[in-house]
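A.B. asks: let me see the structure of the following:
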Amino acid sequence: QVQLVESGGGLVQAGGSLRLSCAASGRTLSHLGVGWFRQAPGKEREFVVAISWSGDTTYYADSVKGRFTISRDNAKNTVYLQMNSLKPEDTAVYYCTTDNSPFRAIAAMIVPESWGQGTQVTVSS
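C.D. replies: Here you go, the predicted structure:
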């Protein structure tokens, strides 16, 4: 089973940027789609973005389109989330997750299986 560790969170002012990393161990990520979810206090966990195993397809929540970019470096077994133009409503714990099925071509169809412990992102106004 893959172990995931998120990092890169922190405190940033509105309009700022952060880059989150999701590093995997125990299993290669190269065959798996990866997604990012977030959970704000008192709210349910929500989908943010996903990338297919090949990187050919991505799928973004409307709330982050044009501001967030997901990418992957299979050689480093790591997926990144570049977050620009951050807003206070982006404040949440961000989690990465892997698809439960390898080689799924369409990022929007990934089914979360393994989860990391999360990294806190706080955007001040």
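
A.B. asks: go ahead and confirm Gly55 touches Arg72.
C.D. replies: Yes: between Gly55 and Arg72 there is a contact under Cβ atoms under 8 Å: 5.3 Å. C-beta coordinates here come from the backbone N, C-alpha and C atoms, glycine included.

A.B. asks: higher neighbour count, the two?
C.D. replies: Arg72 (22 against 17; other Cβ atoms under 10 Å).

A.B. asks: report the secondary structure state of Leu86.
C.D. replies: For Leu86, the assignment made with DSSP: H, G, I helix; E, B strand; the rest coil gives coil.

A.B. asks: in space, what's closest to it - neighbours in sequence excluded?
C.D. replies: Val123 (4.6 Å; Cβ to Cβ, 6 or more residues apart in numbering).

A.B. asks: which parts of the helix or strand containing the one you found are buried?
C.D. replies: Using DSSP states H and E, Val123 sits in strand 119-124. Applying a neighbour-count criterion of 16 or more other Cβ atoms under 10 Å, one finds Thr119, Val121, Val123 buried in strand 119-124.

A.B. asks: how far away from the center of its chain is stretch 78-87?
C.D. replies: 8 Å (Cα atoms, centre = their mean, to the nearest Å).

A.B. asks: first to last residue in it, what's the distance?
C.D. replies: 25 Å (Cα to Cα, to the nearest Å).

A.B. asks: contacting residues around that stretch?
C.D. replies: 8, 12, 14-24, 29, 34, 36, 48-49, 51, 64, 67-73, 90, 94, 96, 121, 123 (Cβ atoms under 8 Å, 6 or more residues apart in numbering).

A.B. asks: what does the average pLDDT come to for it?
C.D. replies: Stretch 78-87 shows an average pLDDT of 98 in the prediction.

A.B. asks: thank you kindly, that will do.
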